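1. no sequence on hand, only this structure:
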């Protein structure tokens with residue numbers, strides 16, 4: 001029997017406890033009935049950022065970005081592809097720093113795009129600047145293996 005894992009729903013922010021061996025079984029949130037792993041990043045806001053950060057039992061990758069940022073827009077398809085490829089091993093989220101400046105300031109985001117990987121609420125890896133698909137995948141695999 002495997003350990004239970006807390007997953008925060010990207011739609012309603014409910015915390016769902018799942019057996020680890022069921023993560024790949026397309027689980028749905030019992031509250032809102034959306035898929036817990038949609039294969040694409042979900043949006044974070046100042047309101048739900050702390051809940052996802054502190055309650056996620058899986059590493060959380062956050063893309064700090066802005067809609068006016070050319071490199072952010074260029075990297076977005078690669079980030080979405082990584083979400084499709086690496087969920088449920090990792091959770092993928094995006095935080096619009098223009099609309100939600102407080103979390104960006106809290107983590108001293110000085111340039112965008114910046115990706116931060118969190119585990120158990122603590123930052124474990126950070127990378128600034130746009131990455132192509134291969135570089136992003138290598139960086140994420142390296143970040144979570146440490």
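-> Cool, the structure landed. The structure displayed is predicted, hence computed values, not measured ones. Numbers count the residues shown, from 1 in each chain.

2. all strands in this protein, in order from the N-terminus.
-> Ranges of strands in the chain, per DSSP state E, are 4-8, 15-19, 42-44, 60-65, 91-96, 114-119, 122-128.

3. turn the ones you listed into CSV, columns for mean pLDDT, mean neighbour count and distance to residue 80.
-> No exception for glycine: its C-beta is placed from N, CA and C like everyone else's. Below are those laid out as CSV (pLDDT from 0 to 100; neighbours: other Cβ atoms under 10 Å; distance: least, Cβ to Cβ, whole Å):
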stretch, mean pLDDT, mean neighbour count, distance to residue 80
strand 4-8, 96, 18, 19
strand 15-19, 96, 15, 23
strand 42-44, 97, 18, 11
strand 60-65, 98, 25, 10
strand 91-96, 98, 23, 8
strand 114-119, 97, 21, 13
strand 122-128, 96, 14, 17
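
4. now the ones you listed in a markdown table, with distance to residue 144?
-> Shown next, in a markdown table, are the strands of the chain (distance: least, Cβ to Cβ, whole Å):
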| stretch | distance to residue 144 |
| --- | --- |
| strand 4-8 | 14 |
| strand 15-19 | 19 |
| strand 42-44 | 18 |
| strand 60-65 | 9 |
| strand 91-96 | 11 |
| strand 114-119 | 7 |
| strand 122-128 | 8 |
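
5. relative to residue 105, how far out is the spatially most central residue of the chain?
-> The residue lying closest to the centre of the chain (Cα atoms, centre = their mean) is residue 92, at 2.5 Å. Remark: distance between residue 92 and residue 105 (Cβ to Cβ, to the nearest Å) = 22 Å.

6. my guess is residue 97 contacts residue 66. True?
-> Yes: between residue 97 and residue 66 there is a contact at 5.2 Å, judged by Cβ atoms under 8 Å.

7. what do these two both touch?
-> residue 112 (Cβ atoms under 8 Å, 6 or more residues apart in numbering).

8. neighbouring contacts of the longest helix along the chain?
-> If you go by DSSP state H, the chain has its longest helix at helix 70-86. Contact with helix 70-86 is made by 39-41, 61, 63, 65-67, 92, 94, 112-113, 115, 129-133, 136-137, 140, as judged by Cβ under 8 Å, 6+ apart.

9. same check, this time on stretch 132-144
-> 59, 61, 75, 78-79, 81-82, 85-86, 89-90, 115, 117, 119, 124-125, 127, 131.

10. I appreciate the help and will end here.
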